[in-house]
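K.L.:
what would the 3D arrangement of this be:
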Amino acid sequence: MTASDDQADVEKVLSGEVSAFEGIVRRWQGPLINLAYRFCYDRGRAEEMAQEAFLRAYRGLRQWRKDAAFSTWLFSLATNFYCSELRRSVPTVALDDVTEPIDSRACVGRLEDQNRDEVIRRAVLNLPAKYRDVLILFYFHGRSVEAAARSLGLPEGTIKARLSRGREILRGKLSLLLGSLLKEG
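P.N.:
Below is the predicted model:
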């Protein structure tokens with residue numbers, strides 16, 4: 001996978017050789033599906049989201065300015081689409097409305113690691129979008145602060161601030177939801 005392969009395929013597509021887009025899809029299909037999966041945790045939905053991201057990329061190829069790598073542009077486009085798709089389709093429940101278990105020992109007894117991870121994932125998904133998007137990119141997809149900033153079109157300082165504030169909000173909410181599980185983990 002090289003940037004020159006991407007550029008050559010884009011130029012072919014823009015000159016009318018539509019089949020050249022297949023090379024782009026072949027190179028980036030796995031990474032885009034994996035990125036989508038980090039947002040929705042559903043393989044089928046991730047594949048559908050990646051397919052839609054490729055469609056949007058195809059339609060917007062002329063918008064790639066070539067001042068950054070094609071992959072950066074593609075991931076930024078996909079990340080923005082995945083974030084908006086998630087906001088549109090995930091029912092939100094205010095974390096303040098979630099009550100603390102009456103007996104936190106009973107909760108601890110029922111929550112296994114997988115369930116705890118699900119509670120954490122849901123807590124992240126219920127954060128305000130500006131914190132949720134940054135946390136998903138940074139923690140669930142392993143993007144650096146710099147890469148997350150490029151994907152979201154924000155300054156790195158803003159990403160750092162949102163990471164910090166998002167973690168702070170999560171700590172407060174999760175301590176109520178998980179009780180002593182966080183102390184044990």
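K.L.:
all contacts plus neighbour counts: C-alpha atoms, from now on.
P.N.:
Noted.
K.L.:
thought Ser138 was touching Ser144?
P.N.:
Residue 138: Phe, not Ser. Yes. Under the criterion of Cα atoms under 8 Å, Phe138 makes contact with Ser144 at 6.1 Å.
K.L.:
which one's more surrounded, these two?
P.N.:
Ranked by neighbour count (other Cα atoms under 10 Å), Phe138 and Ser144 place Phe138 first, with 18 against 14.
K.L.:
residues in contact with the more buried one?
P.N.:
144-145, 148 (Cα atoms under 8 Å, 6 or more residues apart in numbering).
K.L.:
how does it look with 10 Å?
P.N.:
For Phe138, the contacting residues are 132, 144-148, 159, 163, by Cα atoms under 10 Å, 6 or more residues apart in numbering.
K.L.:
emit the ChimeraX select command for whichever of these are buried.
P.N.:
Buried members of those, defined by 16 or more other Cα atoms under 10 Å, are picked up in ChimeraX with:
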select :132,145,147,148,159,163
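K.L.:
dump the contacts of Phe138 to JSON lines, plus pLDDT.
P.N.:
Shown next, in JSON lines, are the contacts of Phe138 (pLDDT from 0 to 100):
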{"residue": "Arg132", "pLDDT": "85"}
{"residue": "Ser144", "pLDDT": "87"}
{"residue": "Val145", "pLDDT": "90"}
{"residue": "Glu146", "pLDDT": "89"}
{"residue": "Ala147", "pLDDT": "83"}
{"residue": "Ala148", "pLDDT": "84"}
{"residue": "Ile159", "pLDDT": "92"}
{"residue": "Leu163", "pLDDT": "92"}
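K.L.:
what's the farthest-apart pair in the contacts of Phe138?
P.N.:
Arg132 and Glu146 (16.8 Å; Cα to Cα).
K.L.:
ok so, going back, let me know the closest of the contacts of Phe138 to Leu14.
P.N.:
Nearest to Leu14 among the contacts of Phe138, with distances taken as Cα to Cα, is Ala147, at 26.8 Å.
K.L.:
could you list the domains of the chain?
P.N.:
Domain assignment of the chain by automatic domain parsing yields the ranges 3-89, 95-184.
K.L.:
now do the strands in this protein.
P.N.:
Counting by DSSP state E, the chain forms no strands at all.
K.L.:
pLDDT below threshold where in the protein?
P.N.:
1, 89-116, 177-185 (pLDDT under 70).
K.L.:
can you give me the helices in it?
P.N.:
3-14, 21-40, 43-59, 70-89, 104-110, 113-125, 129-135, 145-152, 156-178, 181-184 (DSSP state H).
K.L.:
returning to what we had before: next, format the contacts of Phe138 as a markdown table and append distance to Gln63.
P.N.:
Converted to a markdown table, the contacts of Phe138 look like this (distance: Cα to Cα, whole Å):
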| residue | distance to Gln63 |
| --- | --- |
| Arg132 | 27 |
| Ser144 | 24 |
| Val145 | 24 |
| Glu146 | 22 |
| Ala147 | 19 |
| Ala148 | 20 |
| Ile159 | 24 |
| Leu163 | 29 |
